[in-house]
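>>> Task: produce atomic coordinates for the following.
(one chain, ligands or ions: 2)
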Amino acid sequence: MFVTAFIIAIEGGDGVGKNTISNALAASLRSKSKSVAVIDFPRYGDTLAGGALKQFLNGETKRPVTAQVAAVLYALDRFEYRDDILKAINENDFVIFDRYVASNVAYQAAKVPKADRSTMMEWVADLELETFSLPRPNLNVLLRLDVAAARSLVSRKPKRDYTSLEHDVHEADDTLQTRLRENYEHIADQAMISRWTVIDVSRFGSLRNPSEICAEVERSVEELGAFAIS
Ligand SMILES: Nc1ncnc2c1ncn2[C@@H]1O[C@H](COP(=O)(O)OP(=O)(O)OP(=O)(O)O)[C@@H](O)[C@H]1O
Ligand SMILES: Cc1cn([C@H]2C[C@H](O)[C@@H](COP(=O)(O)O)O2)c(=O)[nH]c1=O
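Ligands and ions are numbered 1, 2, ... in the order given. Okay, the predicted model is just below:
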């Protein structure tokens, strides 16, 4: 048992398999006698901001939601949940976030002109990590999958509790999906927020088995020298 958890944030575009990998990774770590908490964001049913985000993603807001307003809502969602985050970190060997701070950085910066993207990225990261003092992950994992393949995975998902749309406002926007992928690559390349590992979800045109992807994540954790997993 560690004094505080090793924090892993699973990141990527809509439908790339974050939920699948978060849960498979948790199961794999638990099978190695590690205690693991999985926390997904947004907290649609839990927080005030989560309720507003549900409205936003369903296209139900009266006024257009700017990138900065969206950034504040996503960050506030985590800030409202901060005590639960800290508790999970204190009580487990691992905390896995299914989306975290980098989602906000990548998505909101994808909504502004290219010349303003860096400023937006820094503004969002500062809001989350400094103003709201949210803990930094030890490792961010970028799941890389192209827009078309990810979109077809979204269509495979069972009915979701936050939307009755087949594709929510973000998922329906191809330009956003392309830009946020560029942003994630940039953020990972610059080691923004903390360390990154980038993993291809498909190989030779087929989806890789989740257990293979999890093994790659575990190798990255071990490489960080934090501890031996098995
Ligand atoms: N590696 C994989 N192999 C086969 N099926 C997969 C794989 N990854 C995800 N899927 C399937 O694709 C669908 C979407 O996966 P998942 O819900 O994990 O994506 P997500 O990135 O969490 O989505 P969202 O961004 O909407 O939260 C699910 O039906 C899941 O079973
Ligand atoms: C946490 C978070 C999420 N988003 C975006 C990413 C998705 O398009 C939606 C909802 O996420 P889900 O995984 O499909 O439930 O919100 C974001 O822009 N910023 C964030 O911090």
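
>>> And the least confident helix or strand in the chain by mean pLDDT, how far out from the chain middle?
Least confident helix or strand, the chain: helix 147-156 with a mean of 92, by mean pLDDT, DSSP states H and E. Taking C-alpha atoms, centre = their mean, to the nearest Å, the mean C-alpha location of helix 147-156 is offset from the chain mean by 17 Å.

>>> what do you get for stretch 7-20?
Distance of stretch 7-20 from its chain centroid, counting by C-alpha atoms, centre = their mean, is 5 Å.

>>> Report whether it contacts ligand 1.
Yes - Stretch 7-20 lies within reach of ligand 1 by C-beta under 6 Å from any ligand atom, at D14, G15, V16, G17, K18, N19, T20. Glycine gets a C-beta too; all of them are placed from N, C-alpha and C.

>>> In contact with the second one, which residues?
Neighbour list for G15: L145, A150, R151, S152, L153, V154, K157, E171 [criterion: C-beta atoms under 8 Å, 6 or more residues apart in numbering].

>>> Looking at the residues you listed, which one is closest to ligand 1?
L153 (3.6 Å; C-beta to the nearest ligand atom).

>>> Would you check how far apart the most far-flung residue of the chain relative to its centre and L25 are?
In the chain, the residue that sits farthest from the middle, by C-alpha atoms, centre = their mean, is K62; the gap is 27.1 Å. According to C-beta to C-beta, to the nearest Å, K62 stands 40 Å off from L25.

>>> same question, I96
6 Å.
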